[in-house]
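Q: Fold the following and give me the result.
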Amino acid sequence: MIKIYKFAIVLQILFFIITPGILFSQEETNELPVLEVKKSEFKKPEDKDGFSDAWKNVKNGDATFSDNNKASFELALDFYLKANKYNSENAELNYKIGYCYLKSVLKDRSIDYFLKAYKIKNDVYLDIQYMIGRSYQYKYEFAKALEYFTIYKRSLPPAELSIERSKIDKRIEECTNGIELMKKKERVFIDNLGDVVNSPYPDYGPVITADEQTMYFTSRRPNTTGGERNPIDNQFYEDIYVTTKVDGVWQTPKNLGKPVNTKGNDATIGLSADGNILLTYSDKNGGDIYISHLKGNEWTTPESISKNVNTKFHEADASISPDGNALYFVSNKTEDNFGMHDIYVSYKDANGNWGKPKNLGSTINTKYDERGVFIHPDGKTLYFSSQGHNSMGGFDIFKSTLQENGTWSKPENIGYPINTPDDDVFLVISADGRHGYYSSEKEGGYGEKDIYMITFLGPEKPLLLGNEDNLILSITNPTTEVLVEPVVEIKTMRLTIVKGIIKDAFSQQPIEAQIDIVDNEKNVVINTISSNSKTGKYLASLPSGKNYGLAVKCENYLFHSENFNIPQATNYQEITKDVMMNKVIIGAHIILNNIFFDNGAATLRDESKAELERLKKLLEDFPTIRVEISGHTDNVGSLAFNTKLSESRAKAVVDYLITNGIDQSRLEYKGYAFTQPIAGNETADGRQSNRRVEFKVLSK
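A: Numbering: from 1, shown residues only. So this is what the prediction gives:
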């Protein structure tokens, strides 16, 4: 038995070296059962004519079975099933058929063959009760699985039990978890994305932009970049493909091409919220994480992400935080590890370099494998797969939330039917939290692996009595109480997505601009993103609970600012905001949306500092321009009051600039009260828009 475990460790190491980061089946790896179908027991005296072909199928099955890989088991199964038509009463053959099914996507079919083998010969193989337990587990018949795992455990002599105990106890624990998890079926739809996205070949590893409009995934279809097959499994090498939504429908995927795709294996593992950073996996150096940036329509050549992240061990399954400053990834490095693959986080330093990784700790990581990490665009919800915690078998998907004190909450199993007794890995969630995407091997799919979409339905709406029932009830039990139908809230992520196109205000051509996302209260830039140079598109992910300033900057242009004050309780929303950038010409003006004053006063609030510093820098960058700072109000109150207030506010801005080194001769200020509205004063939003500070270029 000890020999089996040594073999398993070697095979697992080989698995992670040759497999491009994407894990789909983490079946226990054991030596093949030494099980011979004896000719004398297989041959049927009453059917000698069929024996020759049947026996050839047995021997052909044995020859391919011994290769010990998924493709070989599938081929062996075909031979064994043909032989089984000749004689279905052979215990060893039934065991082998069950074993092959257990290694396939049709695991639940294994039970009939294992049970038959056990009935014919209860000692057909030393682990037959264990294999029956596994089969029942995959069929969600956890109580029966528990029964056979217990029988197997009690049948082992002390020496073998000491070796096998932890494996059996793990299965027993999984079945106990499964019984509990099955008591509550999560309200979800799980749909195959169809044959437009999926192919007859393996398709897996989907990653999406925060607005769910673009998806990258890995496929092994014939039009890969090299067009060659991997000699290890005889399948085409991996390439990365992209598909976009048009009117809510995913379009035909396109091969991403060079330089991202090469003649070798190239696989998706992570994508930034705005879709401009792609994390890929390479099987070089034992498995490393690579990073590529979208510049216009082209991706840069993937580069190893960091020496602090990549080691001589296996690094994969990475996800970058929405602010771009944290990288979550998995590694099986031996240092600072709870066992097998753990989840780590690395933070960017002031120079933009990834720092030394930190293990996320024992709340997240277990002595078993953790894989498939994904940090949601809200920046605080972590999804990952684990063989530990309260898994019902293989890898289950869990979620954990980053608390205000910096610790992670106890991982929560996201439940059945998303999680199964088999491996469930690599889930990504849309920004609104209503859809999830993952890959799975399911019967009835288009290929070996397909991409599926999960729709989370939220709590079930309480049943209400029909009109006729209400009428009968009112007659038999009249009441004056008015019954109000309860409102069922579909919970979404507390997150705001701001997206749009940045253009030149005169030519209307898209431009590449830098967008600083500022925490106004702390006066710090928390993220910097860029608009696409070809399309001008940008996307910013803003978790609820902050007062954000967005500062759009581009060389030879005035900066543009927007303010998004998003309360903590704000649910998911998408805001489309196109930005027109003005060049530094006479008459050009901008609204300073992140200048704030005390109510009814001209006192600058601390949250204004970042905007004031941007204005100061603009004046330093263009040292010859003269500008007018103007104050504006809504129409609440008298013209005299508002004129004085607006002028005082404009003067406060000018005073700040003079105090901080800008020559007074370059600055004018004026208060226009409510004489130049940019919105109606009939609504609160309109009045808020009219309360503003602007600046205008007077001369160059």
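
Q: So what does residue 215 have for phi and psi?
A: phi -130, psi 130 (degrees, to the nearest 10).

Q: And for it, the neighbour number?
A: As a burial measure, residue 215 scores 25 neighbours (other CB atoms under 10 Å). The way it works is simple: take the backbone N, C-alpha and C, and place the C-beta from them, glycine included.

Q: Could you do residue 697 as well?
A: When neighbours are defined as other CB under 10 Å, residue 697 has 20 of them.

Q: Over to residue 502?
A: If you count neighbours by other CB under 10 Å, residue 502 ends up with 25.

Q: Residue 446 now?
A: Using other CB under 10 Å, residue 446 has 18 neighbouring residues.

Q: isn't there a helix covering residue 175?
A: Yes - counting by DSSP: H, G, I helix; E, B strand; the rest coil, residue 175 falls inside a helix.

Q: So for it, what's the nearest residue that isn't a sequence neighbour?
A: Among residues not flanking residue 175 along the chain, residue 142 sits closest, at 4.1 Å (CB to CB, 6 or more residues apart in numbering).

Q: Might you report the residue contacts of the one you found?
A: Counting by CB atoms under 8 Å, 6 or more residues apart in numbering, residue 142 makes contact with 136, 175, 176, 178, 179, 182, 392.

Q: Any of those residues buried? List them.
A: 136, 175, 178, 392 (16 or more other CB atoms under 10 Å).

Q: one step back: how close does the residue nearest to residue 175 get to residue 101?
A: As defined by CB to CB, to the nearest Å, residue 142 lies at a distance of 19 Å from residue 101.

Q: Ok, residue 669 next?
A: 81 Å.

Q: for the chain, which residue is closest to the average position?
A: residue 428 (2.5 Å; CA atoms, centre = their mean).

Q: That residue contacts residue 204, doesn't it?
A: No - in this structure, residue 428 is not within contact of residue 204 by CB atoms under 8 Å, at 11.9 Å.

Q: Would you enumerate the residues in contact with residue 217?
A: Neighbour list for residue 217: 197, 203-207, 240-241, 243, 253, 268, 439, 451 [criterion: CB under 8 Å, 6+ apart].

Q: cool, and residue 448?
A: Contacts of residue 448 (CB under 8 Å, 6+ apart): 105, 201, 202, 441.

Q: How about residue 207?
A: 215, 216, 217, 268, 269, 270, 271, 278, 428.

Q: Tabulate the residues you listed (JSON lines), appending distance to residue 519, pLDDT and secondary structure.
A: Shown next, in JSON lines, are the contacts of residue 207 (distance: CB to CB, whole Å; pLDDT from 0 to 100; DSSP: H, G, I helix; E, B strand; the rest coil):
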{"residue": "215", "distance to residue 519": "31", "pLDDT": "97", "secondary structure": "strand"}
{"residue": "216", "distance to residue 519": "30", "pLDDT": "97", "secondary structure": "strand"}
{"residue": "217", "distance to residue 519": "34", "pLDDT": "97", "secondary structure": "strand"}
{"residue": "268", "distance to residue 519": "31", "pLDDT": "96", "secondary structure": "strand"}
{"residue": "269", "distance to residue 519": "29", "pLDDT": "95", "secondary structure": "strand"}
{"residue": "270", "distance to residue 519": "25", "pLDDT": "96", "secondary structure": "strand"}
{"residue": "271", "distance to residue 519": "24", "pLDDT": "97", "secondary structure": "strand"}
{"residue": "278", "distance to residue 519": "27", "pLDDT": "97", "secondary structure": "strand"}
{"residue": "428", "distance to residue 519": "26", "pLDDT": "97", "secondary structure": "strand"}
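
Q: Same list, those residues, but as CSV with distance to residue 457 please.
A: As requested, the contacts of residue 207 are exported to CSV (distance: CB to CB, whole Å):
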residue, distance to residue 457
215, 22
216, 27
217, 25
268, 28
269, 29
270, 27
271, 26
278, 31
428, 19
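
Q: which one among the residues you listed gets closest to residue 316?
A: Residue 316 has its nearest neighbour among the contacts of residue 207 in residue 269, at 6.2 Å by CB to CB.

Q: my read: the closest one touches residue 320, true?
A: No - using CB under 8 Å, residue 269 is not in contact with residue 320; the gap is 10.3 Å.

Q: Next, show the common contact partners of the two.
A: Listed as contacting both residue 269 and residue 320 by CB under 8 Å, 6+ apart are residue 279.

Q: Which of the two has more residues huddled nearby?
A: Regarding residue 269 and residue 320, a neighbour count based on other CB under 10 Å identifies residue 269 as having more, with 28 against 22.

Q: And residue 287, its phi and psi?
A: phi 120, psi 110.

Q: pLDDT score assigned to the nearest residue to it once chain neighbours are set aside?
A: Of all residues not flanking residue 287 in the chain, residue 314 sits nearest, at 4.0 Å (CB to CB, 6+ apart). Per-residue pLDDT puts residue 314 at 94.

Q: now do the one 4 residues further on
A: pLDDT, the model's per-residue confidence, is 96 for residue 318.

Q: Now do the SS call for the residue lying closest to it once chain neighbours are set aside.
A: Excluding the flanking residues, the one nearest residue 318 by CB to CB, 6+ apart is residue 329, at 3.9 Å. Here residue 329 is recorded as strand under three-state DSSP.

Q: Does residue 329 touch residue 315 like I think?
A: Yes - because the distance of 6.0 Å satisfies CB under 8 Å, residue 329 is recorded as touching residue 315.

Q: overlap in contacts of those two?
A: Residues touching both residue 329 and residue 315 by CB under 8 Å, 6+ apart: 289, 309.

Q: Output the buried ones among the contacts of residue 142 as JSON lines; include the columns secondary structure.
A: Below are the buried ones among the contacts of residue 142 laid out as JSON lines (three-state DSSP):
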{"residue": "136", "secondary structure": "helix"}
{"residue": "175", "secondary structure": "helix"}
{"residue": "178", "secondary structure": "helix"}
{"residue": "392", "secondary structure": "coil"}
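
Q: quick one: which of these is nearest to residue 97?
A: residue 136 (16.7 Å).

Q: thinking that closest one is in contact with residue 148, fair?
A: Yes - using CB under 8 Å, residue 136 is in contact with residue 148, at 6.5 Å.

Q: Which of the contacts of residue 217 scores worst on pLDDT?
A: residue 439 (89).

Q: count of residues packed around the residue nearest to residue 318?
A: Close neighbours of residue 329, defined as other CB under 10 Å, add up to 26.

Q: Which parts of this protein are helices?
A: Here the chain has its helices, by DSSP state H, at 2-18, 39-42, 51-65, 70-86, 91-102, 110-120, 128-138, 142-155, 158-181, 467-476, 609-621, 639-659, 684-690.

Q: Which parts of the stretch 151-300 of the chain are strands?
A: 188-192, 203-208, 214-219, 239-246, 249-250, 254-255, 267-271, 277-282, 288-295, 298-299 (DSSP state E, counting those that start in this stretch).
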